[in-house]
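> just the structure for this:
(one chain, ligands or ions: 2)
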Amino acid sequence: MNEYLGAFAGKNRKIGIVVAKFNELVTQKLLAGAQQTLLQAGVNAADLLVIWVPGAFELPRVVRLLSESQRVAGIIALGAVVRGETSHYDYVCSETASGLAAVSLHGPVPVMFGVLTTDNLEQALNRAGGKAGNKGSECALGVLEMINLQEKLQQ
Ligand SMILES: Nc1c(NC[C@H](O)[C@H](O)[C@H](O)CO)[nH]c(=O)[nH]c1=O
Ligand SMILES: CC(=O)[C@@H](O)COP(=O)(O)O
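Ligands and ions are numbered 1, 2, ... in the order given. Next comes the predicted model:
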C-alpha cells in the first residue's frame, strides 16, 4: 500500500475530499472508505480536508475553487446520484461528470470522479462498501497515484 505514497510522503501536502450530502447514507460510506484507505497508505489525518456540498451538481464548483486555492495536491469528489422518476437524474449525472472532468483536465491538481450513478439505492450501497467494493477507497488510491505521476512529469 505504501508504494502509492511515493512523492507525496513527507511533503505535508493535503488531499481534499468534497462530498455531496444528498443520499448521505451512501456518501458517508464513500467518505469513510476514502479516509480509511488514505490513512492506511500513510497519509496523515491532519492532511485530509473534507468539504460538504448540498448535492452532486454542486461538486464541480467547489472542487474548482479548492483546486485553484493551492491548498491541496489532489481532490476526491464523492457523491451518489440515484435515478428517480424524471430525467433530472440524467442532467445531474452528465453535468456533474463533465464539470469535474473539466476541473481535472484544466485545473492544477488531479480530481478523482467518485460519484456513483445508479438506478437504485441498493446498487449505490453495494458500491459504498458492499459486495461491489467502495468507490471512495478506489479514488483514494487513484489520487495518490495521480499526484505521484504529476510530480514525476513536472520534474
Ligand atoms: N437527486 C440527486 C441529487 N439532486 C440534487 C442536485 O445534485 C442539486 O443539489 C440540486 O439540483 C440543486 O442544484 N443530488 C445528488 O447528489 N444525488 C441525487 O440522487
Ligand atoms: C437524481 C435526481 O435528481 C432524482 O433523485 C430526482 O428524482 P425525481 O426524478 O423523481 O424528481
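> host element of the residue nearest the centre of the chain?
Of all residues in the chain, the one closest to the mean position by C-alpha atoms, centre = their mean is residue 76, 2.2 Å from it. Assigned by DSSP states H and E, residue 76 falls within strand 72-82.
> from the chain's centroid, how far away is the helix or strand following that strand?
Using DSSP H and E, the helix or strand that follows strand 72-82 in sequence is helix 88-106. Computed by C-alpha atoms, centre = their mean, to the nearest Å, the separation of helix 88-106 from the middle of its chain amounts to 13 Å.
> any idea how far the strand holding residue 76 is from the chain center?
Centre-to-centre, strand 72-82 and its host chain are 2 Å apart (C-alpha atoms, centre = their mean).
> what does stretch 28-35 give?
The gap between the average C-alpha position of stretch 28-35 and the chain average comes to 10 Å, counting by C-alpha atoms, centre = their mean.
> near ligand 1, which residues of the protein show up?
The chain has residues 20, 22-23, 54-58, 79-82, 92 near ligand 1, with proximity defined as C-beta under 6 Å from any ligand atom. Glycine gets a C-beta too; all of them are placed from N, C-alpha and C.
> packing partners for the strand holding residue 76?
For strand 72-82, the packing partners by 3 or more C-beta pairs under 8 Å, 6 or more residues apart in numbering; DSSP states H and E come out as strand 14-20, helix 24-40, helix 59-68, helix 88-106, strand 111-118, helix 121-126, helix 135-153.
> mind listing what residue 111 touches?
By C-beta atoms under 8 Å, 6 or more residues apart in numbering, the residues touching residue 111 are 63, 67, 74-77, 100-101, 103-104.
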